Structures are given as C-alpha cells and as structure tokens.
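In: Next input, structure requested:
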Amino acid sequence: MAVLAPEDAFMAAYAAGDTRAFDKLFTLLSPRVFAFFIRSLGDRALAEDLLQQTFLKLHRARDTYDRGRPVRPWLFTIAARVRTDELRRRGRAQEDLDETPEDRAMPAQVAAFNVLAIEQDGSSRAALVREALARLSETQRAIIHLHRYEELTFAQIGESLGLSAGAVKLRAFRAYERLRADLEPLLARKEPA
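Out: Next up is the predicted model:
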C-alpha cells in the first residue's frame, strides 16, 4: 500500500470526521493556496479573502473527497473556481480566459527596456522576475504557478482550470516564452563575482 502524503492523510482524516486534521491541513496548504492567489491576481487582501472562501468550500465538500486521489489537485480545482468566480464578479473572466494578442507576445525591445530600467533602479533579480510575471495574463500566471510551484501536471491543471491539457500546454508554452523574452537581458548579464 502506498504511503499517503501528509496533506492527503490529513484530508482523509478530516473527511472521516477528525476536525483537528483540518487545522493541520490548513497550516500545510494555506500558504500554497495564498501564493496561488497572489501570483495569479496580485492583490494581498483579495488573496486572503479568496483563501478563506476556498477552505470554506473545501469544508463544505469534504464528504465528496475521493480518498484515493491526491488532495492538492482537488484543492486547486476549488481555488481555481473561486478565482474564476471572482473574475466573473469583476467582469473579467472572459477577457482573461481569451488571451489577446498583447498577452501572447511583447516586443523584445520593450521587455529589455523594462528590465534594464528596473535594474538601474537598484531592484533585485527577484523583483525583475516578479515584474515579468506580472506582465503575464492572470490565466498564464495561474498556470505557471500550478506547474512550476505546485508541480501539477498539465492534465491536473487543465482539470483545475476547466481547460484541456492541450490548451494548458499551449498557454504554458506562451507564458514561458514570454518570460524568457522579458528576462533575456537579465539572463545575458553576468552576475558580479
């Protein structure tokens, strides 16, 4: 029998009625869900609200949790739906889901100018990466977060976001390409020894 990841064991215990397991689950996964909302939407107060909504929905749906499956993809499906509901409430969901040509590409010279201007301002490399991520569409940021930081597969991300795995792969490819173009001037520079 396979050993369960800690979050899977906590969720299974919580679904079985152990209310103390919820505290452990929340402690373990809430920073990850909060990071998803921050990276996707960029608003700290909103991220805190959506985090609470996500775990409230998890609480309400705990009886439907399939104990044989990992909890993170399921939880991020809930979080992605909470995110989509918020975008719809703000009238931005369709605009976000349908990437515009501006979302697909940014002229390299504009990206280079932004990176060099920020760097001359004394900002750190991490700030440059955050700036490049901020220029992605909200959906691209969500996909990058789920792929890079949560290590979900494209199929799991597609399930979470209500997209096909192929659509997720395409959007991830475009997002990574844009990040490479935006950060190329930074990557080309040598770090001081």
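
In: Mind giving me the packing neighbours of the strand or helix carrying L46?
Out: Following DSSP states H and E, the helix or strand that holds L46 is helix 44-61. Here helix 44-61 is seen to pack against helix 19-41, helix 71-89 when contacts are counted using 3 or more C-beta pairs under 8 Å, 6 or more residues apart in numbering; DSSP states H and E. For the C-beta atoms, the positions are set from N, CA and C on the backbone; glycine is no exception.

In: relative to helix 44-61, how tilted is the last one?
Out: When you say that, I think you mean helix 71-89. 120 degrees (axes from the mean of the first three to the mean of the last three C-alpha atoms, to 10 degrees).

In: and if you look at the longest one?
Out: If you take the same axes, to 10 degrees, helix 19-41 sits at 140 degrees to helix 44-61.

In: Can you name every helix or strand that helix 19-41 contacts?
Out: Applying 3+ C-beta pairs under 8 Å, 6+ apart, one finds that helix 19-41 makes contact with helix 6-15, helix 44-61, helix 71-89, helix 138-144.

In: most tightly surrounded among these?
Out: helix 138-144 (a mean of 24; mean count of other C-beta atoms under 10 Å).

In: Quick check: what element follows that helix along the chain?
Out: The helix or strand immediately downstream of helix 138-144 is helix 154-161, counting by DSSP H and E.

In: measure L75 to L51 for me?
Out: 11 Å (C-beta to C-beta, to the nearest Å).

In: any low-confidence regions in the chain?
Out: Along the chain, the parts satisfying pLDDT under 70 run over 1-3, 92-123, 189-193.

In: domains in it, as residue ranges please.
Out: Structurally, the chain divides into domains by automatic domain parsing as follows: 6-95, 100-188.

In: How far away from the center of its chain is the last one?
Out: Meaning domain 100-188. When C-alpha coordinates are averaged (C-alpha atoms, centre = their mean, to the nearest Å), domain 100-188 and its chain have centres 11 Å apart.
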